[in-house]
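Trainee: below: sequence and its predicted model.
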Amino acid sequence: MTKTRHLVSAAALLACSHAWAQAPMKPDGAWRGAVNAGLSFAKGNTDATSVNVDANAGRATQDDRLNFYLTSLYGTKKDNGVSDETANLLRLGGKYDRDLTGRVFAFGSLDAEHDKLQELDLRTVLAGGAGYHVIKNENTLFDLFSGLSYNREKFTTETRNSLEVLLGEESNHKLTETSSLHQRFAVYPNVSDGGEYRIQFDAGVTTSITRRIELKLTLSNRYQSNPLPGVKKSDTLLLTSIGYRLGPD
């Protein structure tokens, strides 16, 4: 019988009572961020290990916002003496927004992704456009946005370059005095190869444990209509991690 230990557990940590939720970021120009990590392993007939690391940093003023992120996941499995990778993923990027009026803003972003199991050596996406603050207050920031992106995908067997339309929405919510939610949904119709498209969805709930320690639950999905032969169109991640918060309250 396989004995399983999980070093990161969500159940016992969601009942904390002190307040350090920070969504959306305070517009004071100060840098804030967090570094999160999670680990799980199984020992027995099958030996399995999984490690995930997540980091983010950003600053906001009354007129602009700058954000950076990094997500990494690596996993291995050993079954009957044979070792295989179960995950080898890295995502990172940054985004800059600047308000043109009280509601309208312009943005630019650069994202990169590596996913060995999808045979994706490197995807880089440069995007820019404009958006509208549907809601903007101290507890909620909800945006609609659109623009264009240039997508370069280097797979193990081929390289693709394409122009895409970008359509999406993004929001940050302070749910309670201890918890916050961030979510983003974006569709990338392919202009260079009509009929093809990509979809991205990311959501994360963060709960304060102490003034500096937080628990984070992340759900992420990537859909591509034209992957390489033999590769599934959709990939979903569900990660739990504990992190350390940086910057002022």
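Mentor: Okay, I see it. Numbering: from 1, shown residues only.
Trainee: helices and strands around the helix or strand containing residue 242, which ones?
Mentor: Using DSSP states H and E, residue 242 maps to strand 234-246. The contact analysis (3 or more C-beta pairs under 8 Å, 6 or more residues apart in numbering; DSSP states H and E) places strand 234-246 against strand 32-43, strand 46-60, strand 64-79, strand 213-224. (C-beta placed from N, C-alpha, C; glycine too.)
Trainee: wait, residue 240 touches residue 38, no?
Mentor: Yes: if you go by C-beta atoms under 8 Å, residue 240 and residue 38 touch, sitting 5.4 Å apart.
Trainee: just the angle for the helix or strand hosting residue 152 relative to strand 213-224, thanks.
Mentor: Per DSSP H and E: residue 152 is located in strand 140-155. Relative orientation of strand 140-155 versus strand 213-224 (axes from the mean of the first three to the mean of the last three C-alpha atoms, to 10 degrees): 50 degrees.
Trainee: switch to numbering from 31
Mentor: Taking 31 as the first residue, the last one we looked at is strand 170-185.
Trainee: convert the C-alpha atoms of strand 170-185 to PDB, please.
Mentor: Written as PDB, here are the backbone C-alpha positions of strand 170-185 (Å, rounded to 0.1, in the frame of the first residue of the first chain):
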ATOM      1  CA  THR A 170     -11.900  45.700  -6.600                       C
ATOM      2  CA  LEU A 171     -10.200  46.400  -9.900                       C
ATOM      3  CA  PHE A 172     -12.100  44.900 -12.900                       C
ATOM      4  CA  ASP A 173     -10.800  45.500 -16.400                       C
ATOM      5  CA  LEU A 174     -11.800  44.700 -20.000                       C
ATOM      6  CA  PHE A 175      -9.000  44.900 -22.600                       C
ATOM      7  CA  SER A 176      -8.200  44.300 -26.200                       C
ATOM      8  CA  GLY A 177      -5.100  44.600 -28.500                       C
ATOM      9  CA  LEU A 178      -2.700  42.700 -30.700                       C
ATOM     10  CA  SER A 179       0.000  40.200 -29.900                       C
ATOM     11  CA  TYR A 180       3.000  38.700 -31.700                       C
ATOM     12  CA  ASN A 181       3.500  35.000 -30.800                       C
ATOM     13  CA  ARG A 182       6.600  33.100 -31.500                       C
ATOM     14  CA  GLU A 183       6.500  29.400 -30.700                       C
ATOM     15  CA  LYS A 184       9.500  27.200 -30.900                       C
ATOM     16  CA  PHE A 185       8.500  23.500 -30.600                       C
END
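Trainee: just after that strand, pick out the following helix or strand.
Mentor: Moving toward the C-terminus from strand 170-185, the next element (DSSP H and E) is strand 189-204.
Trainee: which residues are contacting that next one?
Mentor: 51-55, 155, 157, 159, 165, 168-183, 210-223, 228 (C-beta atoms under 8 Å, 6 or more residues apart in numbering).
Trainee: circling back: may I see the helices and strands packed on strand 264-276 arranged in JSON lines, with mean pLDDT and distance to residue 138 as well?
Mentor: Compiled in JSON lines, those are given as follows (pLDDT from 0 to 100; distance: least, C-beta to C-beta, whole Å):
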{"stretch": "strand 62-73", "mean pLDDT": "91", "distance to residue 138": "20"}
{"stretch": "strand 76-90", "mean pLDDT": "93", "distance to residue 138": "15"}
{"stretch": "strand 94-109", "mean pLDDT": "94", "distance to residue 138": "10"}
{"stretch": "strand 243-254", "mean pLDDT": "96", "distance to residue 138": "21"}
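Trainee: thanks a lot, catch you later.
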